[in-house]
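**Q** from the sequence below, what's the structure:
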Amino acid sequence: MVKNEITREELEKAATKLLKKNIKLKRGEKVVLVTDEKEDPVFDAIKKSLIKAGNKFLILRLTDKRENSSPIPKIKKVFYDCDVIIAPTVKSITHSPETYTARHKYGARVASMPGITPEMFVEAMKVDVGKVKKLVKQVYKKLNGSKIISITTPSGTHIKLDVRKVTWHSDDFGDISRKGVLNNVPFGEVDGYPPIATGLMFIDYWQTKIMPEDRAWVYMQRGKIVKWNKSAEVLVKELKTAGECGLKTVELGIGTNYAFKKPIGSVLYDEKIYGTAHIAFGGHGTLQVCPIHIDVILMHPTIWVDGKKIMENGKLIK
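**A** Sure thing, here's the model as predicted:
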């Protein structure tokens, strides 16, 4: 993605589209707008668009000291008493227990944007929801009901994942109009929780801290990291700040956003690239409680589902 100078008008146009076309916000609906930054152009654009839409909204300011998707017990009442949560934040609220409960028990709709930038936001709002939905449904059909998934990559990954107890999700394609749905912005993935991974995994990208040339690897047994090399220490050290739960596999995802081609160092963007896979460690709502959630990216994966190859070198086999 080429960085261009994004104007205020472009941001407000993107924010208006998010409210009208993706969230399909109705008059009278209660909105919570979440931030953990002092100044943020995306937050400001969404705020202005909400004012223009005439909806009442509450601004919730979180500390930037928390970890991604860690519990936020102080915001329970607010999250449980709203219709829509919009979160252009630095640290994710996506997999926080309170977000999970707000969705699954109270029906809140969530647009979560951890690490969003003006460039990413504007580009995300240009993506054709219909095209992404088609890819999501194709991938979901191949994964749903599966038992064992194997993944290899050119960099050396060779892992197997027991997914017999995994629930797959096929709603991250830009439609945030249905009760209880959560989409990232940018959107575009099929994911499942919680897989039990075993084997050697070479991490191709993790933010800007791990790159392919680092040859960072971790070895997992029964869904937990047990060995790693020096290049992977930066990741493992951060995971271990949450305790042993941070080393456990919690998510397998496949990117389905056709418009995204190359990693830019933002997990929010990179995990959506069509033909990539991502593995996450830590927590997910109340399914696996842990005060951290970190995704790593695998490039050009070849994937087998119950012995049948469904993707080769990042290209879906139809």
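
**Q** okay, CA-based contacts and neighbour counts for the rest of this
**A** Noted.

**Q** counting neighbours, what do you get for Leu58?
**A** 14 (other CA atoms under 10 Å).

**Q** brain fart, Lys237
**A** For Lys237, the count of nearby residues is 12 (other CA under 10 Å).

**Q** for it, grab phi and psi.
**A** Main-chain dihedrals, Lys237, degrees, to the nearest 10: phi -60, psi -40.

**Q** show me the contacts for it.
**A** By CA atoms under 8 Å, 6 or more residues apart in numbering, Lys237 lies in contact with nothing.

**Q** any idea how far it is from Ala111?
**A** Distance of Lys237 to Ala111, computed by CA to CA, to the nearest Å: 29 Å.

**Q** ditto for Met125
**A** Met125 sits 13 Å away from Ala111, going by CA to CA.

**Q** kindly report the same for Ile254.
**A** 19 Å.

**Q** again, but for Thr302
**A** Applying CA to CA, the value for Thr302 to Ala111 is 30 Å.

**Q** likewise Glu213?
**A** 34 Å.

**Q** also Gly282?
**A** Distance, Gly282 to Ala111, using CA to CA: 21 Å.

**Q** kindly report the same for His169.
**A** His169 is 16 Å from Ala111, by CA to CA.

**Q** who has more neighbours out of the two?
**A** Taking neighbours as other CA under 10 Å, His169 and Ala111 compare with Ala111 leading, 27 against 17.

**Q** quick one: contacts for that one?
**A** Shown in contact with Ala111 (CA under 8 Å, 6+ apart): Ile23, Val84, Ile85, Ile86, Ala87, Ile176, Leu182, Asn183, Asn184, Val185.

**Q** widest-spaced pair of those?
**A** Pairwise distances across these (CA to CA) peak at 14.4 Å, for the pair Val84 and Val185.

**Q** any stretches of this structure with poor pLDDT?
**A** Counting by pLDDT under 70, the ranges of the chain that qualify are 1-4.

**Q** how about the helices of it, start to end?
**A** Assigned by DSSP state H, the chain shows helices spanning 8-17, 41-53, 76-80, 97-104, 118-124, 129-143, 233-239, 267-270.

**Q** right, and these - which one's nearest Lys30?
**A** Of all these, helix 76-80 sits nearest to Lys30, with 10.0 Å by CA to CA.

**Q** pull the distance from the closest one to the chain's centre.
**A** Mean-position distance between helix 76-80 and its chain equals 22 Å (CA atoms, centre = their mean, to the nearest Å).

**Q** pull out the buried residues from it.
**A** Using 16 or more other CA atoms under 10 Å as the test for burial, helix 76-80 gives Val78, Phe79, Tyr80.
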